[in-house]
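Engineer: predicted model, plus sequence, below.
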Amino acid sequence: MSKLATLIGVFLGLVILILSMFDFEKGHLLSAFFNLQGLLVVLGGTFAATLINYPLNQMGCFFRGFVKVFASEPHSENEAIEQIIYLSHIQQKKGVLALEKEIDLISDKFLRFALSEMMVYRDIEHLSTSLENHLNSMRLRHVGCQDVFNNMASYAPAFGMMGTVMGLIIMMTAQVSGAQSSASGDGSGDMLSSLLQGMGLALVTTFYGVLLANFVFIPVAGKLKVLSDAEALKNEILMFGILGLKKEQSPLLLRESLTAFVNEKNKQKLEISLG
Amino acid sequence: MSKLATLIGVFLGLVILILSMFDFEKGHLLSAFFNLQGLLVVLGGTFAATLINYPLNQMGCFFRGFVKVFASEPHSENEAIEQIIYLSHIQQKKGVLALEKEIDLISDKFLRFALSEMMVYRDIEHLSTSLENHLNSMRLRHVGCQDVFNNMASYAPAFGMMGTVMGLIIMMTAQVSGAQSSASGDGSGDMLSSLLQGMGLALVTTFYGVLLANFVFIPVAGKLKVLSDAEALKNEILMFGILGLKKEQSPLLLRESLTAFVNEKNKQKLEISLG
Amino acid sequence: MSKLATLIGVFLGLVILILSMFDFEKGHLLSAFFNLQGLLVVLGGTFAATLINYPLNQMGCFFRGFVKVFASEPHSENEAIEQIIYLSHIQQKKGVLALEKEIDLISDKFLRFALSEMMVYRDIEHLSTSLENHLNSMRLRHVGCQDVFNNMASYAPAFGMMGTVMGLIIMMTAQVSGAQSSASGDGSGDMLSSLLQGMGLALVTTFYGVLLANFVFIPVAGKLKVLSDAEALKNEILMFGILGLKKEQSPLLLRESLTAFVNEKNKQKLEISLG
Amino acid sequence: MSKLATLIGVFLGLVILILSMFDFEKGHLLSAFFNLQGLLVVLGGTFAATLINYPLNQMGCFFRGFVKVFASEPHSENEAIEQIIYLSHIQQKKGVLALEKEIDLISDKFLRFALSEMMVYRDIEHLSTSLENHLNSMRLRHVGCQDVFNNMASYAPAFGMMGTVMGLIIMMTAQVSGAQSSASGDGSGDMLSSLLQGMGLALVTTFYGVLLANFVFIPVAGKLKVLSDAEALKNEILMFGILGLKKEQSPLLLRESLTAFVNEKNKQKLEISLG
Amino acid sequence: MSKLATLIGVFLGLVILILSMFDFEKGHLLSAFFNLQGLLVVLGGTFAATLINYPLNQMGCFFRGFVKVFASEPHSENEAIEQIIYLSHIQQKKGVLALEKEIDLISDKFLRFALSEMMVYRDIEHLSTSLENHLNSMRLRHVGCQDVFNNMASYAPAFGMMGTVMGLIIMMTAQVSGAQSSASGDGSGDMLSSLLQGMGLALVTTFYGVLLANFVFIPVAGKLKVLSDAEALKNEILMFGILGLKKEQSPLLLRESLTAFVNEKNKQKLEISLG
């Protein structure tokens, strides 16, 4: 569902963009929108500033972020609850040690981590601190990755605007020397004409900057935040559940306290799947 | 009262908008304000970016948000207090188990949830944690829905401005080739004339963006926040009351501690309705 | 003191505004600054968006806010301390029950509320929770009222800018058709002339928006915050004092711990008034 | 050191400002930058809005803020530590009561307050609460004063921009009537000329607004924050030390725990001065 | 890795900048981009405002910040964990006192500080408070240094914009007097020509401001934040480890609880290096 929305969004955005840039009379995209040097200033400037801002390994976030946005689904709370209830039933029937065999069958990384920590620590205080430390440093890493995109979203329009200012400066000073060299009668009309052309070219970088920020960087950062929030909620549910397992709460009590995390609709789904 | 304000606001806004766009000499709305392609860029771009930003199920917030703004009233604190006092009297007279029969008669979802949780848990600590978890994840879901509108409120003017920049680029470069093809005497006047027309057309997307943001997205997000805050306060009162019921506080003490949540005016109303 | 500052501010602002809008040659205010349709767009748009944003009863904040700004003085910390010390002396001399007779003589609403709560609760924990709940929900109501003005302060310039964009669109497209209908020789000069006039008219809404935001909405929201902060501090002192009374601290100890809240100057005043 | 930086900053800023406004050909400052009416709009508007925003006694912050910025040095952490260690030695040698004689010799207001509170309270809990209340309300007062400057920093450019919009409106509408009255041949050139002059005059208020905000209000608010942060750290160290004195910790232990607050460089200085 | 990214970023940025400013026809950089007076306004104004804002010793942050960005690597969490495990083995084998000999061999400042504090305090509460105070005041110093750059990043574009406004005012008023002195036929064309040149010159300061902010101040502040966050995480791990050593936890348990701080990849590396 999440990937689908992203793909629809990208497709819709591209269609609108192409329609807006299309010259219907001549049947091709307007060449005025393609300006390699302008793109270089905006994209290059944005990447240069980002490279100064972040160490190389955090730049990896950039590529992983794109993959995540197109390939990941937000974690489901219900699945987390079902897994905990399943483990709780095993614990009740076969004892704590039987859980150890389950660890390798679990696909969720945090649950695997939490379960093996639960085996190691005798003390519930220790277990809780350790899981919280794990979640906190995970959250910090996620926020760090979102910040890469958030920063790029503010660099892109800034360099777009800088490119326009540079274009205007070049155009205006060139204009003058050009006008002085021609010096003849209808200078005013000609000048306005090339002035407009120069301004049009200069504005392209502003267009690039706004487009990149609002169509790429901000939505990607926003989607990463949505995914990260869903993962945080899932992990919180798992942590709450693992601490309940440690306290040897009954599956019924555990189920009651875990359903407090979900909304009405998911609760009904849970009741169907858990019986 | 809340719906009424929204309807008055929408009506007032539409009247002002139509008056401002009306050409009184010719007796119809100015056609310059209607530009399908411009609307496509702003609305389409906003939706495209929002679709990349959010999974499909969170997009449901968009429609539910509109329904809520036009159909919901902010939850009343007094009603919540009255319900708790009513339940407290039942508990005092007929015992805790009599409350179980009341559950199905309660319309408020959170109160129903809290009351059934109160039946399940023996421990007041457990009950309190569970209710808090429920409220926290509810609050997170609400904030997530408001954020959809807040994001759209920042996408709309950005794409409006992008549309204007695109319009200016198209106009300026087209202008030049047009002016060069005419090349005759009074180019300057003609050029300025069509320049202005192009600029007018280009500005329409800025108008759309600002209008959508300030007349639709920001007020709707704001109203959702007001509704959500009122619901949060109501739920907090209910939670406080349910914990008081669990502690078997007397109705009088409960009433005293719950009236601390309301202002002078509501307190007087409460005293009338509770006697 | 506080009302005086507000009145001076309003007077100073009006004088400057009128001086800036005055045409000294002709001896009257420049008519260019009065544009009913423009005012309608800015004020009407702002109110329309605010009405969508808030339920009707919160709109009452708008009027009460103005009254408060012109009529209220910030609450004095010293007065609060003096009242508590006075009550403490009574309690020491005549016992707790003597305080009950004082309740009706107290003008401060929160102190009256806190004192009657102190009579009701035996437990200091209960009393403290109840007073905190009261203060928290009061603070939320105050913040809600300030937000009405803060939102209007961001709506006003947005609708001002929207009005200007609309004016420019109307002017530019009208310009073109007008210029084409005249079609004669000195079009360029005439056109520029009416272009400027149209632009001047269009800019009036920007002026209205900036003026309303910076001369009305932002200062009023700011003043409400100052008043609310002073009231919060006063209430915190009263709460601290009432809890001290409940613990039956001696007037001397109470005085020592309450003077910790005030600065050097107020401390000296207190020492004079308390002796 | 702090005053020096401020003075260098003011001097450097004035030199740059004067150099930029100097007409080297004619040997005097450009008269275009001096516009009394413009200054009245920006400064007057800023003060009017600030007066509506704050009660008169908080306006005193404005003058005290300037004095503080030019006359205060940030409080030194080392000095605070040395004073505590000194008091600790006295306490160890001569007992707690000997500290009472020291109170009048102490110049630091907070230390004097804390020391006398330490004499009054028997209970360390009481002492700690009282000192924290004192620090919190001091911090709130400081933030309130910084906010006066922060608000002025946002009012100034807003009124600067409003002045420019007003200037443009006056100029454009006056332009038109002027052009129509002349009505003769070379209107276009003349008009552009006076148009530019009007625009130049109108821009002066924007210049004033940006200059006042970035050269006066923002730096002063920033400096007040730096001074306030240093004072808060100093007070925290003193509070920590006084609580240690109350617990009758040895001078050596106290010194160890207080040096945790300072960086490497200050630690070495401390070791030299304390021996 | 971190230094490399910074160097690549600086190199990439310079290449793009030079390419954009190069006049390929004439084979040299466009002289329009070099304007000493403009640079003076932007850089000088930024430094003047910063000097008013900060005491001289905090200005040292400016130079140390640059050195740090080009010379520092983010602290490695794994290294911190390995050091703690190493110390834990020594403590287990040779007792606590053997750790004292290790202090001088440790290069990490915070670990050295924490270890010597651990020797001094008997009480784990004292140790924990002291280490937290140390980390808090370190964090405040780091934030203070980042703020210097953040403030410069907002001063630079403001003074850039102020320079442009000043340039426009000078140009426009000079223009007028020039045009009036020439007064002859083709004034309009000439005027537009020099108008453009003046505008081009005026825009250079905007370019400087945006460039300095987005290519220097914002990325440097961002990099300092990344480095500071990595150091904070490392210090938190070390503090957690030292407290574990104080509690005489076994190396195995310590290792388990410390690996909770790192991600999957680092965990695997740790398992290889620790065996």
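Structural biologist: Received, thanks. Numbering: from 1, shown residues only, chains lettered A, B, ... in the order given.
Engineer: how far is stretch A:98-117 from where the chain is centred?
Structural biologist: Counting by CA atoms, centre = their mean, to the nearest Å, stretch A:98-117 is centred 28 Å from the centre of its parent chain.
Engineer: now residue A:96: how far from chain E?
Structural biologist: Note on residue A:96: its distance to chain E, by CB to the nearest CB, to the nearest Å, is 17 Å. The way it works is simple: take the backbone N, C-alpha and C, and place the C-beta from them, glycine included.
Engineer: list the contacts of that residue.
Structural biologist: Residues in contact with residue A:96 (CB atoms under 8 Å, 6 or more residues apart in numbering or on different chains) are A:119, A:248.
Engineer: state the phi and psi torsions of it.
Structural biologist: Backbone dihedrals for residue A:96, given as degrees, to the nearest 10, come out at phi -60, psi -40.
Engineer: can you give me the pLDDT of it?
Structural biologist: Residue A:96 is assigned a pLDDT of 85 by the prediction.
Engineer: tally of neighbours for residue A:15?
Structural biologist: Using other CB atoms under 10 Å in any protein chain shown, residue A:15 has 13 other residues around it.
Engineer: which residue packs closest to it, ignoring adjacent ones?
Structural biologist: For residue A:15, the nearest residue in space outside its immediate sequence neighbours is residue B:44; the separation is 7.9 Å by CB to CB, 6 or more residues apart in numbering or on different chains.
Engineer: buried residues, stretch A:127-137. List them.
Structural biologist: Residues of stretch A:127-137 classed as buried by neighbour count (16 or more other CB atoms under 10 Å in any protein chain shown): A:127-128, A:130-131, A:133-135, A:137.
Engineer: which one of the residues you listed is nearest to chain B?
Structural biologist: residue A:128 (13.2 Å; CB to the nearest CB).
Engineer: now do the contacts for the residue of the stretch 51-200 of chain A found nearest chain B.
Structural biologist: The minimum distance from the stretch 51-200 of chain A to chain B, using CB to the nearest CB, falls at residue A:200 (3.4 Å). In this structure, residue A:200 makes contact with A:32, B:168-169, B:171-173, B:176, judged by CB under 8 Å, 6+ apart.
Engineer: out of those residues, what pair is the most spread apart?
Structural biologist: Within the contacts of residue A:200, two members stand farthest from each other by CB to CB: B:168 and B:176, at 12.6 Å.
Engineer: rewinding a little: the residue nearest to residue A:15: how many residues sit nearby?
Structural biologist: Around residue B:44 sit 19 other residues, with neighbours defined as other CB under 10 Å.
Engineer: that one and residue D:111, how far apart?
Structural biologist: Residue B:44 sits 65 Å away from residue D:111, going by CB to CB, to the nearest Å.
Engineer: again, but for residue A:7
Structural biologist: Spatial separation of residue A:7 from residue D:111 under the definition CB to CB is 66 Å.
Engineer: and what of residue A:204?
Structural biologist: The spacing between residue A:204 and residue D:111, counted by CB to CB, is 63 Å.
Engineer: what about those two, which has more around it?
Structural biologist: When residue A:204 is set against residue D:111 and neighbours are counted by other CB under 10 Å, the residue ahead is residue A:204, at 26 against 22.
Engineer: close enough to count as contact, that one and residue A:36?
Structural biologist: No: taking CB atoms under 8 Å as the definition, residue A:204 is not a contact partner of residue A:36, at 10.3 Å.
Engineer: okay, which residue is most central for chain A?
Structural biologist: What sits nearest the mean C-alpha location of chain A, by CA atoms, centre = their mean, is residue A:224, with 2.8 Å.
Engineer: which residue is the nearest non-sequential neighbour of that one?
Structural biologist: The spatially closest residue to residue A:224, leaving aside those adjacent along the chain, is residue A:146, at 4.9 Å (CB to CB, 6+ apart).
Engineer: quick one: low-confidence parts of the stretch 51-200 of chain A?
Structural biologist: A:175-191 (pLDDT under 70).
Engineer: circling back to that earlier point, run a quick neighbour tally on the residue nearest to residue A:224.
Structural biologist: Residue neighbour count, defined by other CB under 10 Å, stands at 19 for residue A:146.
Engineer: what helix or strand is it located in?
Structural biologist: helix A:124-182 (DSSP states H and E).
Engineer: what's the first helix or strand after that helix?
Structural biologist: helix A:187-212.
Engineer: now do the helix or strand following that following helix: which elements does it pack against?
Structural biologist: The element immediately downstream of helix A:187-212 (helix or strand, assigned by DSSP H and E) is helix A:218-246. Based on contacts counted as 3 or more CB pairs under 8 Å, 6 or more residues apart in numbering or on different chains; DSSP states H and E, the elements that helix A:218-246 packs against are helix A:2-21, helix A:56-71, helix A:77-94, helix A:109-120, helix A:124-182, helix A:251-259, helix B:45-53, helix B:124-182.
Engineer: report the buried residues of the first one.
Structural biologist: Spelled out, it's helix A:2-21. So helix A:2-21, judged by 16+ other CB under 10 Å, has buried residues A:2, A:5-6, A:8-10, A:12-13, A:16-17, A:20-21.
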